[in-house]
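**Q** Give me a model of this one.
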Amino acid sequence: QVQLVESGGGLVQAGGSLRLSCAASGRTFSNYAMGWFRQAPGKEREFVATISSRGGNTYYADSVKGRFTISRDNAKNTVYLQMNSLSPEDTAVYYCAASLRVGGRSTPTGSVAYDSWGQGTQVTVSS
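**A** Predicted structure coming up:
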C-alpha cells in the first residue's frame, strides 16, 4: 500500500486560487497513476483529474477543465492540483488517490481503479 497525505486546502473567495499537494510514501511513486477526487456535502464522490505515472498524460472532469491543472514531481513523490477561477460549486473535501495497478500512460477516471486514498483536505469557496 501507499500512504498519502494531502495539504493546501482552505477558505478562498470566488475567483481565487488554491494549490493542493499530496505526498506519497511506501512504493516507487513513478510506477503508478495518481488522481484527485472530491466530495461535496450530500453528494457522491466524483472524479476531478488524473495523471499518468510519468506525468505525460492527464485527464480532467468537464467541470474543471481549463481551470484546474494536475501535475506531479516524481523526485518529490508529490502530486499537485492547481485550482484557478474557483467557484462555490468547487466546495468539497478533496482526496488524492493512487492507482497502484495502473502504470504507463494510463489515466484512470473511475474510483474503483484506485487502491490507496488520502484523508482529504477541505476546500471552501465563498461567494
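
**Q** Ramachandran angles for L18?
**A** Here is the backbone geometry of L18 (degrees, to the nearest 10): phi -140, psi 150.

**Q** looking at it, it is touching S7, isn't it?
**A** No: with contact defined as CB atoms under 8 Å, L18 does not count as touching S7 (10.7 Å). (C-beta placed from N, C-alpha, C; glycine too.)

**Q** So between these two, which is more surrounded?
**A** Each of L18 and S7 has its neighbours counted (other CB atoms under 10 Å); L18 has more, 21 against 13.

**Q** could you list every residue that touches the more buried one?
**A** With contacts defined as CB atoms under 8 Å, 6 or more residues apart in numbering, L18 is in contact with G8, G9, G10, V12, M83, L86, V123.

**Q** again, 10 Å this time
**A** Listed by CB atoms under 10 Å, 6 or more residues apart in numbering, the contact partners of L18 are 8-12, 68, 81-84, 86, 90, 94, 121, 123-125.

**Q** beta partners of Y80?
**A** In this structure, Y80 bridges to S21, S71 when assessed by DSSP bridges.

**Q** To clarify, my last question referred to V93.
**A** When bridges are taken as DSSP bridges, the partners of V93 come out as Q39, Q122.

**Q** before we move on, back to that, list buried members of the contacts of L18 by neighbour count.
**A** Buried positions within the contacts of L18, assessed by neighbour count (16 or more other CB atoms under 10 Å), are G8, G9, V12, F68, L81, M83, L86, D90, Y94, T121, V123, V125.

**Q** Backbone torsions only: list them for the residue positioned nearest the centre of the chain.
**A** Ranked by distance to the mean C-alpha position of the chain (CA atoms, centre = their mean), the top residue is W36 at 2.2 Å. Dihedral angles phi and psi of W36 (degrees, to the nearest 10) take the values phi -120, psi 140.

**Q** Thanks a lot, catch you later.
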